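> Let me see the structure of the following:
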Amino acid sequence: MTEQVNLEEFRERLHQLLTELEGNAAVRHASSETVELDQTRTGRLSRMDALQGQAMAKASAARAEHQILRIRAALRRLGDGSFGDCLVCEEPINPARLRADPAATICIDCAEKREQGVR
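Numbers count the residues shown, from 1 in each chain. Modelled structure (predicted):
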């Protein structure tokens, strides 16, 4: 790797992202609560909109939970000294990729091979 990776920069960024995601958990939970079946209060189209909104909120919450898991894993890698190394080829991940996604686990070359179905 030609550019030196500043581990503290990434640790701080990961903690910031984790704090933001965990802070929004209550909002995500409230948005994905059960839609009431009382059609006297809500018309059918409004209820369908509410159900669609609920489904989108649940999908958003699942993505956020997945991102939280990725960030916690990246913080563990920072702790054990393996942060910034590709989990497939064990080569260093480009710092620009880590700045774009500090929870990245594989380098660009391995990601491209994975997308093409090459192992």
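
> Can you pull out the low-pLDDT segments for this protein?
Applying pLDDT under 70 to the chain flags residues 1-5, 26-45, 119.

> any idea how far Cys110 lies from Leu69?
Distance, Cys110 to Leu69, using CB to CB, to the nearest Å: 20 Å. (Each C-beta comes from the backbone N, C-alpha and C, glycine too.)

> Need the three-state assignment for the closest residue in space to Ile108 that isn't next to it in sequence.
The shortest distance from Ile108 to any residue other than its chain neighbours is 6.1 Å, reached at Arg97 (CB to CB, 6 or more residues apart in numbering). Using DSSP: H, G, I helix; E, B strand; the rest coil, the structure places Arg97 in helix.

> tell me the contacts of the one residue sitting closest to the centre of the chain?
The residue lying closest to the centre of the chain (CA atoms, centre = their mean) is Gln67, at 2.1 Å. Contact analysis of Gln67 by CB atoms under 8 Å, 6 or more residues apart in numbering lists Leu17, Leu21, Ala103.

> what about the first one, how many neighbours?
What it means is Leu17. 17 (other CB atoms under 10 Å).

> Tell me how far the closest residue to Ala73 other than its chain neighbours lies from Ala96.
Using CB to CB, 6+ apart and skipping the chain neighbours, the partner closest in space to Ala73 is Ala103 (7.0 Å). Ala103 sits 15 Å away from Ala96, taking CB to CB as the criterion.
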